[in-house]
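Pasting the sequence and the predicted model now:
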Amino acid sequence: MLHMAPGLLSVTVPLLLLASANQEPVPVIGLVNRSVEMSTRLHLPLPVEETVWKFTSDNTVFKVAEIGNTSLLTYGDKFKDRIRGFNNGTTIIIRNLSLRDAGKYCAEITLTSKEILRFSFNLIVYANQEPVPVIGLVNRSVEMSTRLHLPLPVEETVWKFTSDNTVFKVAEIGNTSLLTYGDKFKDRIRGFNNGTTIIIRNLSLRDAGKYCAEITLTSKEILRFSFNLIVYEPVPSPAIRSEWKGSTAKLCNVTLHCSVPSHTSDVSYTWKYRQQDSEYQLYNTGSIIQISLPPDHQDMEFLCIVQNPADQKNISVHIEQSCMETNNAGASMTQKKK
């Protein structure tokens, strides 16, 4: 079963689970800067002489520690002063976890009969000090998911929402139940995998804030994961205004201004160009560009892309070859929205 105490996550592995010769690694969850316990909790027919722990990362195996009745020998600097062993090494605690500690661990237990038993664990380390950023778009749906591989089934998940330093209970989700609270999220939430994943539909700007998933396992232990939902409005349709600077026999000079309504914020501008039916290529960034084209390059299309983290719109303008002959307010230019 999974045990959780302040600063410590631990996994107890039932003997029957480990009895298979083709045992799959037992998933273990750790949190950055916390401690994690990996333990076989075996009732062995003979005493343990020593346990050797090995760590696999990027298909490379490293010896981590050799632990006997009164001895503990660690290898390398990676786990130095961070490992404690118990029960002749059949249980270890790794302190001050980092993301680099994630990987496969194998305990090779040598009995006094010299028989060796091997048991493996897959440690997944999450950096959950900061809420995971999630981007949403007004009137669309957004998914928030812990995407956990838990060693025990989930009994239920309680989702909470924090806005203006006030915490609201959003929903309680079990195997076959979904209970929402208040009118704010009524008929807008769907739960999956006992609530470890939710989808919120018909987003509004008021839905932005911090969400916390409190996952209760069948062992009654609780894991907490948080998300920071940022909701953006759709990008309005942009417009291009062309400003002609006068042309010569060798150059057609024009300044292109791309814009959206003035109240729009958090948008960026990117310009691309192509000639005839070729692929678009990056030209520049910013809302304004200046162009000087010789006669043999005046059949050009310029595309303005306006975007925020959740949406984008674009519009293009085509400079005809006749721009040299129409030195006026842009009669030779046609716009097409996409």
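That came in fine, so what should we check first?

What's the first helix or strand after the helix or strand of the chain with the lowest mean pLDDT?
Scoring the helices and strands of the chain by mean pLDDT, DSSP states H and E places helix 15-18 at the bottom, with a mean of 32. Counting by DSSP states H and E, the next helix or strand C-terminal to helix 15-18 is strand 26-31.

nearest residue to Gly68 other than its sequence neighbours?
In space, and not counting its chain neighbours, Gly68 is closest to Glu50: 4.3 Å by C-beta to C-beta, 6 or more residues apart in numbering. Every residue, glycine included, has its C-beta placed from N, CA and C.

Just the element for the one you found, please.
Taking DSSP H and E as the criterion, Glu50 maps to strand 48-57.

could you measure the residue nearest to the spatial centre of the chain against Thr166, distance?
Central residue of the chain (C-alpha atoms, centre = their mean): Val132, 6.6 Å from the mean position. Distance, Val132 to Thr166, using C-beta to C-beta, to the nearest Å: 21 Å.

Kindly report the same for Val61.
When Val61 is compared with Thr166 (using C-beta to C-beta), they lie 50 Å apart.

per the record, what domains does the chain have?
Taking automatic domain parsing as the reference, the chain has its domains at 2-126, 132-232, 239-337.

Gly209: what's its closest spatial neighbour, skipping adjacent residues?
Nearest to Gly209 is Ser163, by C-beta to C-beta, 6+ apart, at 4.1 Å.

Same question for Cys304.
Cys258 (3.7 Å).

same check, this time on Leu44
Nearest one to Leu44, counting by C-beta to C-beta, 6+ apart, is Leu111 at 6.6 Å.

which residues does that neighbour bridge with?
Following DSSP bridges, Leu111 is listed with bridge partners Val48.

What of the one 5 residues further on?
The bridge-partner assignment for Ile116, based on DSSP bridges, gives Thr110.

pLDDT value on it, please?
With respect to pLDDT, Ile116 scores 92.

With His3 instead?
Predicted confidence (pLDDT) for His3: 39.

Same question for Glu49.
You'll see Glu49 listed with a pLDDT of 91.

Let me see the contact set for it.
Residues counted as contacts of Glu49 (C-beta atoms under 8 Å, 6 or more residues apart in numbering) are Gly68, Asn88, Thr110, Leu111, Thr112, Lys114.

I'd like to know which of those are buried.
Buried members of the contacts of Glu49, scored by 16 or more other C-beta atoms under 10 Å, are Asn88, Thr110, Leu111.

Could you dump the residues you listed into JSON lines and include pLDDT?
Output for these, formatted as JSON lines (pLDDT from 0 to 100):
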{"residue": "Asn88", "pLDDT": "89"}
{"residue": "Thr110", "pLDDT": "92"}
{"residue": "Leu111", "pLDDT": "92"}
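
Dump those to JSON lines, plus distance to Leu229.
Formatted as JSON lines, those follow (distance: C-beta to C-beta, whole Å):
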{"residue": "Asn88", "distance to Leu229": "48"}
{"residue": "Thr110", "distance to Leu229": "51"}
{"residue": "Leu111", "distance to Leu229": "53"}
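
And the residues you listed, which is closest to Asp183?
Asn88 (58.5 Å; C-beta to C-beta).

Leaving out chain neighbours, which residue sits closest to that closest one?
Nearest residue to Asn88 in three dimensions, chain neighbours excluded: Val48, at 3.9 Å (C-beta to C-beta, 6+ apart).

show me what contacts that neighbour?
Neighbouring residues of Val48 by C-beta under 8 Å, 6+ apart: Asn87, Asn88, Gly89, Thr90, Ile109, Thr110, Leu111, Thr112.

can you check Ile240 too?
Leu256, His257, Cys258, Cys304, Ile315, Ser316, Val317, Gln335.

pretty sure the first one is in a helix, no?
Put plainly, it is Leu256. No - assessed with DSSP: H, G, I helix; E, B strand; the rest coil, Leu256 is strand; it does not lie in a helix.

dump the residue contacts of the residue lying closest to it once chain neighbours are set aside.
In space, and not counting its chain neighbours, Leu256 is closest to Ile289: 5.3 Å by C-beta to C-beta, 6+ apart. Ile289 makes contacts with Thr255, Leu256, Trp271, Tyr283, Phe302, as judged by C-beta under 8 Å, 6+ apart.
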